[in-house]
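> Pasted the sequence and its predicted model underneath.
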Amino acid sequence: MEKAESKESDNVVRVGVRRNWTFYTFLAKKLFTEHDTVEFQALDTAITNAVEAAECLVKNKYATIEKMYTDSIDMERKAGGKIKKAKIFIVLKKSEDFQKIYDDYEKERSERLKTREE
């Protein structure tokens with residue numbers, strides 16, 4: 001049986017405020033094992049989490065920023081009417097050294113966990 005083709009939206013991460021930026025950094029690293037690009041999308045106050053996660057991935061050389069842009073969208077209010085909200089899109093491209101950096105980090109992490117158990 002052939003592997004099903006992955007959808008384009010499989011690599012889109014909708015960033016929220018209920019989790020912190022480290023969760024989205026972890027999630028992006030997992031997605032990079034299957035995709036060459038990952039896109040963060042965030043609304044309003046969640047924009048900070050998306051930017052911090054992207055900065056962490058770039059700083060640690062897991063990825064580079066391929067494209068980043070913003071938009072404002074109209075959202076319906078519960079009480080009626082519309083409100084404009086800011087939305088950010090950050091497209092990250094997996095670095096050439098991603099697999100080596102990822103494997104080194106996972107090895108170091110598992111060693112730290114072993115020493116904690118002892």
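That came through, no problem. Numbering: from 1, shown residues only.
> helix, strand or coil for residue 99?
Using DSSP: H, G, I helix; E, B strand; the rest coil, the structure places residue 99 in helix.
> Now do the same for it: its pLDDT.
pLDDT recorded at residue 99 is 93.
> tell me which element the residue positioned nearest the centre of the chain falls in.
Central residue of the chain (CA atoms, centre = their mean): residue 28, 4.1 Å from the mean position. Element membership of residue 28, judged by DSSP states H and E, is helix 21-32.
> Show me what the lowest-mean-pLDDT helix or strand in the chain is packed up against.
Every helix and strand of the chain was ranked by mean pLDDT, DSSP states H and E. The lowest is helix 98-117, at a mean of 88. Counting contacts by 3 or more CB pairs under 8 Å, 6 or more residues apart in numbering; DSSP states H and E, helix 98-117 is packed against helix 21-32. Backbone N, C-alpha and C define where each C-beta goes, glycine included.
> Residue 37 versus residue 83, what's the distance?
Per CB to CB, to the nearest Å, residue 83 is found 31 Å from residue 37.
> swap in residue 108?
26 Å.
> Who has more neighbours out of these two?
Comparing residue 108 with residue 37 by neighbour count (other CB atoms under 10 Å), the higher total belongs to residue 37, at 16 against 10.
> For that one, name its beta-bridge partners.
residue 93 (DSSP bridges).
> Let me see the confidence value for it.
For residue 37, pLDDT reads 97.
> Fine by me, we can end here.
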